[in-house]
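[1] sequence first, predicted coordinates after that:
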Amino acid sequence: MSTTESRVTTSGPTGPARTGTDQAVKETLEDYTLRFAPRSYRRWSPMVVATTALGGIAYMADFSIGAGIGLAHGTGNALVAIAVAAVVIFVTGFPLAYYGARYNIDLDLITRGSGFGYYGSVLTSVIFASFTFIFFALEGSIMAQGLKLGLGLPLWLGYLVSTLMVIPLVIYGMKALSKLQVWTTPVWLILMVAPLVHLIANDPGTVDRFLSYAGTDGEGGVDTASVLLGAGVCLSLIAQIGEQIDYLRFMPPKTEQNKRSWWTAVVMAGPGWVVLGALKQAIGVFLAVYILAEVGPAAAPEPIQQFRSAFDAMMPSWMVVPLAVALVVISQIKINVTNAYSGSLAWTNSFTRVTRHYPGRMIFVLVNLAFALVLMEADMFSFLNSILGFYSNCAIAWVVTVATDIGVNKYVLKLSPLRPEFRRGMLHAVNPVGVVSFVAASGLSIAMYFHALGDALQPYSPVAAAVIAFVLTPLMAVVTKGRYYLRRTDDGIAEPLLDTDGNPSALTLDCHVCHQPYERPDLTACAGHDAVVCSLCLSTDKAGDHVLPATA
């Protein structure tokens with residue numbers, strides 16, 4: 001009997017522990033939560049994956065973010081701030097999107113092997129989970145505003161409705177989300193673009209008023225401090241790449257035959273999301289200036305008010321509110337199923353690693369929604385820019401650290417392993433390269449944001465987060481000589497991890513603990529047995545019986 005055959009037929013333990021493992025296995029196999037996404041599951045074309053991923057950025061928050069920046073600092077400062085943030089987001093998002101699509105793992109698994117270590121990346125998982133419930137709350141607030149205008153629901157009830165309605169949709173993972181995003185995207189695009197085109201075509205003066213608007217804090221010119229403050233708010237969206245990768249990990253293998261469509265999909269749905277995001281922010285400034293005299297500065301950042309006025313200029317009055325509400329509701333559903341889904345993955349991933357127990361993803365769907373509902377009921381919309389400005393420091397530090405590790409430490413210094421590693425036993429618990437860089441960059445930039453280093457430096461906190469992370473990440477790799485990346489270089493399986501095209505191997509072996517078949521990248525040899533064990537069974541192994549020992 002061959003080595004592979006003996007591994008496939010080896011039996012595992014039985015009893016109560018097996019029951020918990022079976023439940024975890026059954027749930028995570030729906031869309032390979034916490035796992036490498038195998039080739040057998042990835043049956044979507046590159047363009048379907050890209051459309052699904054881009055459907056997740058249908059959120060209305062961009063209109064509010066752009067409006068808030070524009071009203072405070074003026075159109076000129078707002079447009080420059082939006083452009084600066086977009087460039088940073090695109091450059092840092094590209095290597096992350098490539099790794100997620102190429103190796104079929106989510107951003108947390110990428111982060112583990114790109115400078116943080118097996119437990120070190122729990123820090124960033126919590127940061128990402130926070131991103132999802134902050135933006136869920138923001139979108140839920142916008143939907144509640146729409147329900148109040150269209151149906152007369154009080155805001156507190158609208159918050160509850162917007163929270164509860166996504167639960168049935170998010171339970172079913174990628175299969176349900178792909179259908180939802182593909183079918184609703186055309187309707188969303190028409191409702192968003194049509195009123196803007198009509199306003200510009202029929203009232204060119206709106207463009208002049210938009211371009212000349214100086215803002216409440218501005219004097220009409222472009223000011224560095226105003227640009228950086230605005231860019232800091234926009235950069236809070238840098239963590240959106242994590243949600244894009246939650247879809248991009250389902251990309252098919254890259255081959256000579258599909259490489260053009262593969263690259264197009266990765267760029268478009270990966271870092272390319274920010275192009276549409278920046279356009280929406282600019283539109284938000286335009287619409288806020290357009291309705292400012294009508295509704296006042298307090299209501300001008302509300303997308304429901306922006307589109308109500310825009311629709312009112314192009315169609316009969318009886319259609320205005322229903323269409324504005326429809327746009328807000330479609331947008332909220334499209335993004336908040338993604339927020340709830342991605343947030344549940346991040347929380348579950350962290351909890352499973354720390355406790356070595358898988359409680360079920362549905363529990364953390366509810367946890368994430370509870371956090372979001374509390375923020376909504378606390379009226380987070382009224383202090384939106386303050387929350388996003390603070391949060392952006394943590395998000396920038398994380399994403400720039402991981403992107404620098406991939407772009408510099410892997411490809412230039414060659415101190416970080418080129419292929420990302422995520423399996424327990426293969427990684428050190430904590431890698432100081434990423435953890436030190438992230439903590440230093442986020443800590444110092446947050447101190448700057450709260451004026452601890454003086455008022456003059458406060459606008460530069462997002463710049464500090466990016467620069468410190470970019471400099472410290474390769475410096476720490478050089479100082480540590482890269483020795484904290486891998487605990488072992490050999491996973492004990494003779495069969496190669498990658499195929500001849502450089503894609504993760506599709507070879508299937510059975511885990512001897514849960515008896516389920518998994519593709520080669522999700523497995524390691526099992527300590528003490530002539531068998532293999534999957535990544536989730538390794539994560540939930542409380543005694544460490546299956547974890548391979550460290551090598552020198």
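    Structure received.
[2] all strands of the stretch 351-500 of the chain, in order?
    With DSSP state E, counting those that start in this stretch as the definition, the stretch 351-500 of the chain shows no strands.
[3] so where's it shaky on pLDDT?
    Residues of the stretch 351-500 of the chain meeting the criterion pLDDT under 70: 381, 384-385.
[4] now with 80, please.
    Applying pLDDT under 80 to the stretch 351-500 of the chain flags residues 359-361, 380-390.
[5] contacting residues for the closest residue to V400 other than its chain neighbours?
    The shortest distance from V400 to any residue other than its chain neighbours is 3.9 Å, reached at A469 (Cβ to Cβ, 6 or more residues apart in numbering). All C-beta atoms are positioned from the backbone trio N, CA, C, and that covers glycine. Contact analysis of A469 by Cβ atoms under 8 Å, 6 or more residues apart in numbering lists I396, A397, W398, V400, T401, T404, S437, F438, A441.
[6] hmm, which helix or strand of the protein has the shakiest average pLDDT?
    The least trusted helix or strand in the chain, going by mean pLDDT, DSSP states H and E, turns out to be helix 3-9, with a mean of 36.
[7] ok, now how distant is the residue nearest to V400 from Y213?
    From A469 over to Y213 the distance is 34 Å, taken as Cβ to Cβ, to the nearest Å.
[8] ok, I238 next?
    Counting by Cβ to Cβ, the gap from I238 to Y213 is 27 Å.
[9] when the two are compared, which one has more neighbours?
    Neighbours were counted for I238 and for Y213 using other Cβ atoms under 10 Å; I238 has more, 28 against 23.
[10] what secondary structure does that one sit in?
    helix (DSSP: H, G, I helix; E, B strand; the rest coil).
[11] and the strand or helix carrying A72, what does it pack against?
    Here A72 sits within helix 61-73, counting by DSSP states H and E. In terms of contacts (3 or more Cβ pairs under 8 Å, 6 or more residues apart in numbering; DSSP states H and E), helix 61-73 is packed against helix 75-103, helix 122-151, helix 224-234, helix 273-295, helix 303-312, helix 384-404.
[12] ok, which of those helices comes nearest E495?
    Closest to E495 of these, according to Cβ to Cβ: helix 75-103, at 17.0 Å.
[13] now do the buried residues in that closest one.
    Neighbour counts over helix 75-103 (16 or more other Cβ atoms under 10 Å) mark 75-86, 88-90, 92-103 as buried.
[14] what helices or strands is it leaning on?
    Helix 75-103 is packed against helix 61-73, helix 107-111, helix 205-212, helix 224-234, helix 240-248, helix 259-269, helix 273-295, helix 384-404, with contacts defined by 3+ Cβ pairs under 8 Å, 6+ apart.
[15] can I get those in a markdown table with distance to G150 and mean neighbour count?
    Conversion of the helices and strands packed on helix 75-103 to a markdown table gives the following (distance: least, Cβ to Cβ, whole Å; neighbours: other Cβ atoms under 10 Å):
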| stretch | distance to G150 | mean neighbour count |
| --- | --- | --- |
| helix 61-73 | 17 | 27 |
| helix 107-111 | 36 | 28 |
| helix 205-212 | 25 | 14 |
| helix 224-234 | 28 | 24 |
| helix 240-248 | 28 | 28 |
| helix 259-269 | 31 | 19 |
| helix 273-295 | 16 | 22 |
| helix 384-404 | 22 | 25 |
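[16] minimum distance to Y358: which of those helices has it?
    That would be helix 107-111 among the helices and strands packed on helix 75-103, by Cβ to Cβ, at 14.8 Å.
[17] distance between the closest one and the chain's centre?
    11 Å (Cα atoms, centre = their mean, to the nearest Å).
[18] can you give the contact residues for it?
    Contacts with helix 107-111, where a contact means Cβ under 8 Å, 6+ apart, come from 36, 96, 99-100, 103, 121, 124-125, 128, 241-242, 245-246, 345-346, 349, 398, 402, 406, 420, 422, 434.
[19] rerun that using 7 Å as the cut-off
    Helix 107-111 is contacted from outside by 96, 99-100, 121, 124-125, 128, 241-242, 245, 346, 349, 402, 420, 422, using Cβ atoms under 7 Å, 6 or more residues apart in numbering.
[20] remind me, longest helix of the chain?
    Longest helix of the chain, by residue count under DSSP state H: helix 317-355.
[21] now for it, which elements pack on it?
    helix 122-151, helix 167-170, helix 174-202, helix 240-248, helix 303-312, helix 361-377 (3 or more Cβ pairs under 7 Å, 6 or more residues apart in numbering; DSSP states H and E).
[22] now that helix against helix 303-312, angle please.
    Counting by axes from the mean of the first three to the mean of the last three Cα atoms, to 10 degrees, helix 317-355 points 150 degrees away from the direction of helix 303-312.
[23] list the buried residues of helix 317-355.
    Using 16+ other Cβ under 10 Å as the test for burial, helix 317-355 gives 320-321, 323-353.
[24] with stretch 189-196 instead?
    The neighbour-count check on stretch 189-196 (16+ other Cβ under 10 Å) flags L191, M192, P195, L196 as buried.
[25] and of the residues you listed, the nearest to S505?
    M192 (42.4 Å).
[26] could you check the angle helix 122-151 makes with the strand or helix carrying L157?
    Assigned by DSSP H and E, L157 falls within helix 155-164. With the same axes, to 10 degrees defining the directions, helix 155-164 sits at 120 degrees from helix 122-151.
[27] CA atoms of helix 155-164 as CSV?
    Extracted in CSV, the C-alpha atoms of helix 155-164 (Å, rounded to 0.1, in the frame of the first residue of the first chain):
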residue,chain,number,x,y,z
LEU,A,155,-35.0,55.5,13.7
TRP,A,156,-34.6,53.0,16.6
LEU,A,157,-37.0,50.6,14.8
GLY,A,158,-35.2,51.2,11.5
TYR,A,159,-31.9,50.2,13.1
LEU,A,160,-33.4,47.0,14.3
VAL,A,161,-35.0,46.1,10.9
SER,A,162,-31.8,46.8,9.0
THR,A,163,-29.9,44.5,11.4
LEU,A,164,-32.3,41.6,11.5
